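K.L.:
need a 3D model of the following:
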Amino acid sequence: MTRRDMLTLLGAAPALAAPPALPTAPVSVAKAATYAEDLVPVLTKMFDEVGGAGKLVKNKTVTVKLNLTGSPGLRFQGKQLGLTHYSHPKTVSAMAYVLHRAGAKRVRFVESAWGTAGPLEEYLLDSGWNVRQLLAAAPNIEFDNTNGAGKSKQYHRFKVPSGGLIFPAYELNKAYHDTDVFMSMAKLKNHAVCGVTLSMKNIFGITPASIYGDDAGEKEPNESPTKGRASVCHFGKRQPASCALPERDPNSSREPEYRMPRITAELVSARPIDIAFIDGIETMTGGEGPWIRGPLGHVKPGVLILGTNPVTTDTVGAAVMGYNPRAPKGVAPFAKCDNTLLLAESLGLGTADLNNIEVTGEKIEAVKFQFPG
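P.N.:
Here you go, the predicted model:
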């Protein structure tokens, strides 16, 4: 073959397709020094900066996953739960009002309440919430405990589009399916295994203990679970109830630092987050709750973060915490675990590159608060 023949052949060959661009979306960052502040105008402005709340929720059902991790009886330094590791009722009621004013026809708050499949309202009362005050924030507010089948008494199978990293699909409370918009209301804090707890790690808690819990049924769900999900999701010591699909490779690593970031990323792929919100007004450092061993702290970063793509939102959140969002395993905050942000990026869920994310409102440097690492 002559040089001319080679050039002709190469010229006739189709050009190599460029890899598809990763999804991105603006992320709004705002200052808020205290929960006593009127958060409604703050949240309204943040929504305006990412496209407007009405465009997202008008005439729609909005299902909001709260962050109420761990028993309400466990408190850090005796403080109110919302000041450390729980969603704060002030941000929740302000969010309900903003969503209602933007035209949402129904707002449903959900959480897989630790150790029970009973009414979520009772769990909130045990957590020190004024549920009546929350109900007054907007009409058509609902609650559902997704630790079991809940009020619908049904589950829905959510397939992982890529086929899954750990599980190919998840059996979840049907509330996660019967909705138009899904929001994750997270806390800006560390996680003992995954490094950070932000909007995506918050979704780890949508798995029902009735199926994925330590005391789940062998075949059918146990609708009275009293334990967590460590055996199935953290350590892979057992499979979920057989009404759900087993994991893809039972010979894969049983280390939580391997499993939990992957389960988090694929859950977000299976049940996408439409609105990601991170509360960093007050929070804790060093772990996701007071049961974590090691140096823990209570801090007041005074920041709120909102976006419509959970990867871009969590990327900004990690940067606000003083971390490199693209840090590899072995570098804080991912000292012992794989980087959930990069795993989600590998599934095509969004970009974890700050250079490709538009940050509106406050600049990251203006609100950066260094977390441990």
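
K.L.:
where does pLDDT dip in the stretch 151-300 of the chain?
P.N.:
Applying pLDDT under 70 to the stretch 151-300 of the chain flags no residue at all.

K.L.:
need the strands for it, in chain order.
P.N.:
Applying DSSP state E, counting those that start in this stretch to the stretch 151-300 of the chain gives strands spanning 155-159, 169-173, 181-187, 189-191, 195-197, 275-280, 283-285, 297-299.

K.L.:
go on, the stretch 1-150 of the chain?
P.N.:
Along the stretch 1-150 of the chain, counting by DSSP E, counting those that start in this stretch, strands occupy 27-31, 61-65, 106-111, 141-145.

K.L.:
so what does the third one touch, helix or strand wise?
P.N.:
When contacts are defined as 3 or more Cβ pairs under 8 Å, 6 or more residues apart in numbering; DSSP states H and E, strand 106-111 sits against strand 61-65, helix 89-101, helix 120-126, strand 141-145. Using the backbone N, CA and C atoms, a C-beta is placed for each residue, glycine as well.

K.L.:
against which helices or strands is the first one packed?
P.N.:
By that I understand strand 61-65. With contacts taken as 3+ Cβ pairs under 8 Å, 6+ apart, strand 61-65 sits against helix 89-101, strand 106-111, strand 181-187.

K.L.:
pairing partners for the last one, with directions?
P.N.:
Translated: strand 181-187. Here strand 181-187 has these sheet partners by DSSP bridges: strand 61-65 (parallel), strand 275-280 (parallel).

K.L.:
contact partners of the last one?
P.N.:
It refers to strand 275-280. The list of residues contacting strand 275-280 from outside it, by Cβ atoms under 8 Å, 6 or more residues apart in numbering, reads 56, 62, 87-88, 91, 95, 181-188, 198-200, 301-310, 313-314, 317, 320, 369.

K.L.:
okay, angle between it and strand 27-31 too, please.
P.N.:
Put simply, strand 275-280 runs at 30 degrees to strand 27-31, going by axes from the mean of the first three to the mean of the last three Cα atoms, to 10 degrees.

K.L.:
likewise for the first one?
P.N.:
Between the axis of strand 61-65 and that of strand 27-31 there is an angle of 60 degrees, by the same axes, to 10 degrees.

K.L.:
point out where the stretch 1-150 of the chain drops to low pLDDT.
P.N.:
1-19.

K.L.:
how about the strands of the stretch 151-300 of the chain, which one is nearest Thr24?
P.N.:
With Cβ to Cβ as the measure, strand 275-280 is the member of those nearest Thr24 (13.0 Å).

K.L.:
which one of the strands of the stretch 1-150 of the chain lies nearest to Lys174?
P.N.:
strand 141-145 (9.3 Å).

K.L.:
and the closest one, what other elements does it pack with?
P.N.:
The contact analysis (3+ Cβ pairs under 8 Å, 6+ apart) places strand 141-145 against strand 106-111, helix 120-126.
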